[in-house]
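Chemist: Build me a model:
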Amino acid sequence: MVDVTTAFVDAFNAGDLARLRALLAPDATAEVMGSRFPVERGPADIEAKSLTHMLSWSPERLRAERFVRDGADWLLFLDPGSGALEAAATIVGSGLITRIEYFVGWHRPQVLAALGAARGVTVAKPS
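Modeler: Presented below is the predicted three-dimensional model:
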């Protein structure tokens, strides 16, 4: 059986919104940590906002990869051209995702800096 983090990475890299949405629990939430953006609630809201945004981040879709740091599972979103770290996320849930916490350079640069250093990649400058 494929775990939810691997399933998310596979669906994201395929650009498959339907598969991503199917991984979300009915009461799932998503939040950009440290921002004033409202918490997204439910699969439809998460799909319409953060998932659609992440899939259309740049002309070449970001590439997701799983990264384990200090025993914690992370999703890293990398620019396919430069390999730079653009964003990261943690997900909560085993069968279905109940929460996604996004970390981006505008709101939590220290988190991206630490992850980039641990992974050995540069961190993209917020644009």
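
Chemist: looking at the chain, which helix or strand is least sure?
Modeler: helix 52-55 (a mean of 92; mean pLDDT, DSSP states H and E).

Chemist: Quick check: next helix or strand after that helix?
Modeler: strand 63-69 (DSSP states H and E).

Chemist: in the protein, what spans have low per-residue confidence?
Modeler: Along the chain, the model assigns pLDDT under 70 to residues 1-2, 127.

Chemist: So which residues of it form helices?
Modeler: Listed in chain order, the helices of the chain (DSSP state H) span 4-14, 17-22, 42-46, 52-55, 109-119.

Chemist: what packs against the first one?
Modeler: For helix 4-14, the packing partners by 3 or more C-beta pairs under 8 Å, 6 or more residues apart in numbering; DSSP states H and E come out as helix 17-22, strand 63-69, strand 72-78, strand 85-92. In short, each C-beta sits where N, CA and C put it, glycine included.

Chemist: Run through who's touching the shortest one.
Modeler: This points to helix 17-22. 7, 8, 10, 11, 12, 43, 44, 46, 47, 51, 52, 55 (C-beta atoms under 8 Å, 6 or more residues apart in numbering).

Chemist: roughly how far out does it sit from the chain middle?
Modeler: 14 Å (C-alpha atoms, centre = their mean, to the nearest Å).

Chemist: For that helix, buried residues please.
Modeler: 20, 21 (16 or more other C-beta atoms under 10 Å).

Chemist: Could I get the CA-only coordinates of that helix as PDB?
Modeler: Taking Å, rounded to 0.1, in the frame of the first residue of the first chain, the C-alpha atoms of helix 17-22 are listed here in PDB:
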ATOM      1  CA  LEU A  17      -5.800  17.700  -9.300                       C
ATOM      2  CA  ALA A  18      -8.500  14.900  -9.100                       C
ATOM      3  CA  ARG A  19      -6.000  12.500  -7.500                       C
ATOM      4  CA  LEU A  20      -4.800  15.200  -5.100                       C
ATOM      5  CA  ARG A  21      -8.300  16.100  -4.100                       C
ATOM      6  CA  ALA A  22      -9.100  12.400  -3.600                       C
END
